[in-house]
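> model this:
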Amino acid sequence: MMTTAKDLRGMISYGYRSSSRLEPKMHSHPFYEVYYFHEGKVNYLIGDKIYTLAPGDLILMYGMTLHSAKVDLAHPYIRSIVHFEPSLVQPFLDLPGALNVLQPFQEFKNHRLCLRGEHKEEVERILLRMHELQQCQDATGDCRLQLAFIDLLYFIHDRCMQPMHRPRDYSSDKEKHVQGIISYIEQHYQEAITMELLEEKLHLTRSYLAKIFKEVTGVTIFEYIYQRRINQARVLFLLDSGLSVTEAGFQVGFKHLAHFSRLFKQQVGMTPETYRRRIREETTL
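A predicted model of the protein is given here:
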């Protein structure tokens, strides 16, 4: 059954050429995201990777991946963002001869396309068309917006299938070092991590590590570690709502339940007990 216009509004959210100023804050969400960078000077942290963005960069994000933009406020920061539920796309996947346009999200998880020239122009035409249809504010416009979005996903699928990936580049040694910190944390976040340990493993002084991490990402090393752990706990609850709060906290690296519960509530807005209960209620509806 095709998604109705009324249903569509709850399954896709589109912001065209947004220029609002954002404080660097790690966050995640259960829906998929297409992020397009128009203009600015930004380091984008997604999962365990840092990207120095250039106009024309398009990023796919899959589900519950932590991400945050560190923006140079001396420059305008302009981006277009689509959040969508993958179930929105399912009716189009069932059509005869249809391609699985969710494949890039499912296989790459989080991925950057560096679009230049005619490919950059094409994706910007599609994004503008989606914006124009969004302004119609009627059922026909909503349905045509849905079709334009599917066209965007076909464009992304086509580009992801092409051998166009370029080597990872870093604009400075600082970003390379910060990538090393994040890669280490990703492999060991559930273990005890101290600045002394990072100093030993990465062969850089702890003061320098702390300074460059905050400068490049906008958050401190331990803010990032705790946010990574809390985000993983949310994933664990989604996968197994029967998992106890104590066991979830232990699995992601917290030694004390009170510390885990306090940080979880700060970041998620509710206690882990309440979060787990809501998931159990939703899955039994």
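> OK, contacts around the nearest residue to E186 once chain neighbours are set aside?
Setting aside the residues directly before and after it, E186 is nearest to D48 in space (C-beta to C-beta, 6 or more residues apart in numbering), at 3.8 Å. Quick note: C-beta positions are derived from backbone N, CA and C, even for glycine. Going by C-beta atoms under 8 Å, 6 or more residues apart in numbering, D48 touches 182-183, 185-186.
> In a markdown table, list the residues you listed along with pLDDT and secondary structure.
Putting the contacts of D48 into a markdown table (pLDDT from 0 to 100; DSSP: H, G, I helix; E, B strand; the rest coil) gives the following:
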| residue | pLDDT | secondary structure |
| --- | --- | --- |
| I182 | 95 | helix |
| S183 | 93 | helix |
| I185 | 96 | helix |
| E186 | 93 | helix |
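> Who wins on neighbours among the residues you listed?
The most crowded member of the contacts of D48, judged by other C-beta atoms under 10 Å, is I182 (22 neighbours).
> Pretty sure that residue sits against Y51.
No. The criterion here is C-beta atoms under 8 Å, and I182 misses it with Y51 at 11.8 Å.
> what touches both of the two?
Here I182 and Y51 have L45 as joint contacts, going by C-beta under 8 Å, 6+ apart.
> From F31, how far out is G218?
G218 sits 23 Å away from F31, going by C-beta to C-beta, to the nearest Å.
> Tell me which stretches of the stretch 151-285 of the chain form helices.
173-188, 195-202, 206-217, 221-239, 245-251, 257-268, 272-283 (DSSP state H, counting those that start in this stretch).
> Mean neighbour count, the ones you listed: which tops it?
Each of the helices of the stretch 151-285 of the chain was scored by mean neighbour count; the highest is helix 221-239, a mean of 19, by mean count of other C-beta atoms under 10 Å.
> one step back: need the helices of the stretch 151-285 of the chain in CSV with distance to L133, can you?
Output for those, formatted as CSV (distance: least, C-beta to C-beta, whole Å):
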stretch, distance to L133
helix 173-188, 38
helix 195-202, 49
helix 206-217, 36
helix 221-239, 33
helix 245-251, 42
helix 257-268, 34
helix 272-283, 31
